[in-house]
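> Quick one, what's the 3D model for this:
(2 chains)
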Amino acid sequence: MPNLPTTTSKLTKPISTAYSLPPPPLHPAAITNQILKSDNPQSLTQTLHTLSGWTPNLVQTILKRLWNHGPKALQFFNLLDNHPSYCHSAAAFDHAIDIAARLRDYKTIWALVCRMRSRKLGPTPKTFAIIAERYVSAGKADKAVKVFLSMHEHGCQQDLNSFNAFLDVLCKSKRAEMAYRLFKIFRGRFRADVISYNIIANGFCLKKQIPRALEVMKEMVERGLEPTLTTYNTLLKGYFRAGQVTEGWVFFLEMKKRNIDIDAVTYTTVVHGFGVAGEVEKARKVFDEMIGAGVLPSVATYNALIQVLCKKDCVENAVLMFEDMLRKGYVPNATTYNVLIRGLCHAGKMDMAIEYMDKMKDDCDPTIQTYNVVIRYYCDDGEIEKALVVFEKMSGGTCLPNLDTYNILISAMFVRKKSDDLLIAGKLLTEMVDRGFLPRKFTFNRVLNGLMLTGNQGFAQEILRLQSKCGRLPRHFRL
DNA sequence: GTAGGGTTAG
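Okay, the predicted model is just below:
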């Protein structure tokens, strides 16, 4: 029998009643740790198969926790795929495809798509949005277009929704021009709507090309489509993003003059926009105006203001705003805490930052950003041991380190010029490759040099082999 | 996962 800790096992129940109890619930944290620890696929299969009570939700949670350990995540997915009584959901397949795509394992992606189809679970439009996004972010936008155009060959109908989702993928990856070209070709066939236009306008705003965004908006009006509040909010955000604060403010006034029913998103955009420009007083004034106008601030509005106060005012005022938010009955989310924790770290109040990190656990789980911020500032302060303690806590499986975490820590291993630190750097480098991350050439070379200079030739050889395996050797270099 | 508002720091 697998011996997984459960909450019920902590309670001391009389043995006589234990028989009538339902099977203990499966705990994602315990199972995730079991998967991470296991180096024997056979016994892991045994463990996973013996457990009953698998649900799509539980599988999703575990896949999410294993997100930063791609190889393990896929192993888990595959082992469970042969479970006698559990069948993967479409969402689990999508998740596995996303992970394979991030590992640039294109063969596995398409094998999973085929398996999905043979089980009549899809592939769905969402599956294709995932695949397209990964191709685009790998610099293969043309391939992404081909994938979209061949959706129907994989048994997935193309429609306006999937067209819009695809345009959005291109725009979010800063390919607005390409999206606009495709849009013009296919808008008739898919009956492009306001949402399609908003996506394209937003794409140009992301590239700070406001005139292009306005052009799209104009064209939309000429074709008889009415701009929505989202259209206006998109352009408003565009002005501020492009650093055109005055134009943004004028646009905001114009929205009010035209009696557009502005909402919390509109106000949050302006608060954030003024804040980034260092106009703290104006940001506060707009926040007050909002309340006066009877528009209820959202958690995001508070997040924007707290961030502004942290960056352009002082963290003490940010804490006051945070407390004000609690008094009014808001529940802060992970972004609220992350913004405030970053502010505290930046002000050198590391102990307080850690306090807030603990407090955070009552409302939500710390995210990878939370850990990375704390680790980064500990490293900057030369508190490398403390950074490593935080890092060790992550290995528990609630939030595994990502590429940034490894890069931050590896860089920190060079500041003290200690031989032991270089060994840790080497260990971190090995571990990150193990978990499916691809270090840059620069990182490899740096660790390699460090190990050579500190007399760790043996380890250096190992790293060199790893670098070769990853295809990250310097040009003209042969082992 | 068909659109708009908050996340590090460079």
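
> Count the residues that sit near A:Met413.
For A:Met413, the count of nearby residues is 25 (other Cβ atoms under 10 Å). C-beta: built from backbone N, CA, C; applies to glycine.

> Apologies, that question was intended for A:Ala201.
A:Ala201, neighbours per other Cβ under 10 Å, totals 28.

> how much space between it and A:Ile262?
For A:Ala201, the distance to A:Ile262 (Cβ to Cβ, to the nearest Å) stands at 18 Å.

> Over to A:Met350?
Relative to A:Ile262, and taking Cβ to Cβ, A:Met350 is found at 40 Å.

> which other residues reach stretch A:463-473?
A:426, A:429-430, A:433, A:438-441, A:444, A:447-448, A:451, A:479 (Cβ atoms under 8 Å, 6 or more residues apart in numbering).

> Quick one: name the residues of the stretch 51-200 of chain A near DNA strand B.
Contact residues (Cβ under 7 Å from any atom of the strand) of the stretch 51-200 of chain A with DNA strand B: A:98, A:125-126, A:129-130, A:132-133, A:160-162, A:164-165, A:168-169, A:172, A:193-195, A:198-199.

> please redo it, this time with the cut-off set to 6 Å
Within the stretch 51-200 of chain A, the positions near DNA strand B by Cβ under 6 Å from any atom of the strand are A:125-126, A:129-130, A:133, A:161, A:164-165, A:168-169, A:194-195, A:198-199.

> Name the residue in A:Met350 and A:Ile262 with the higher neighbour count.
Each of A:Met350 and A:Ile262 has its neighbours counted (other Cβ under 10 Å); A:Ile262 has more, 21 against 17.

> helix/strand/coil for that one?
On the three-state scheme (DSSP: H, G, I helix; E, B strand; the rest coil), A:Ile262 is labelled coil.

> Who are the contact partners of the residue nearest in space to the middle of chain A?
Closest residue to the average C-alpha location of chain A: A:Ile368 at 8.6 Å, with Cα atoms, centre = their mean. Contacts here follow Cβ under 8 Å, 6+ apart; on that basis A:Ile368 touches A:Asn68, A:Cys399, A:Pro401, A:Asn402, A:Asp404, A:Thr405.

> Need the worst-confidence member of the residues you listed.
The lowest pLDDT within those belongs to A:Cys399, with 91.

> got a list of what it touches?
So A:Cys399 contacts A:Arg65, A:Asp365, A:Pro366, A:Thr367, A:Ile368, A:Tyr371 (Cβ under 8 Å, 6+ apart).

> residue ranges of the helices in the stretch 51-200 of chain A, please?
Assigned by DSSP state H, counting those that start in this stretch, the helices in the stretch 51-200 of chain A fall at A:56-65, A:70-81, A:90-102, A:106-118, A:125-137, A:141-149, A:160-172, A:176-190, A:194-206.

> Highest mean neighbour count out of those?
Comparing the helices of the stretch 51-200 of chain A by mean neighbour count (mean count of other Cβ atoms under 10 Å), helix A:194-206 ranks first with a mean of 24.

> And the contacts of that one?
Residues outside helix A:194-206 that contact it (Cβ under 8 Å, 6+ apart) are A:160, A:163-164, A:167-168, A:170-172, A:174-176, A:179-180, A:183, A:187, A:190, A:210, A:212-213, A:216-217, A:219-220, A:225-228, A:230-231, A:234-235, A:237-238, A:241-242.

> Now do the closest residue to A:Arg102 other than its chain neighbours against DNA strand B, distance only.
Leaving aside its chain neighbours, A:Arg102 sits nearest to A:Gly70 (6.2 Å; criterion: Cβ to Cβ, 6 or more residues apart in numbering). Per Cβ to the nearest atom of the strand, to the nearest Å, A:Gly70 is found 15 Å from DNA strand B.

> Could you double-check that A:Gly70 sits in contact with A:Arg435?
Yes - here A:Gly70 reaches A:Arg435: they are 6.8 Å apart, a contact under Cβ atoms under 8 Å.

> Can you tell me which residues in the stretch 301-450 of chain A are near DNA strand B?
A:301, A:303-304, A:307, A:333, A:335, A:338-339, A:342, A:346, A:367, A:369, A:372-373, A:376, A:404.

> Let me see the domain layout of chain A.
What automatic domain parsing lists as the domains of chain A is A:1-92+A:105-119, A:123-262, A:332-401, A:406-479.

> Mind putting these into CSV with distance to A:Gly275?
Shown next, in CSV, are the domains of chain A (distance: least, Cβ to Cβ, whole Å):
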stretch, distance to A:Gly275
domain A:1-92+A:105-119, 31
domain A:123-262, 10
domain A:332-401, 11
domain A:406-479, 26
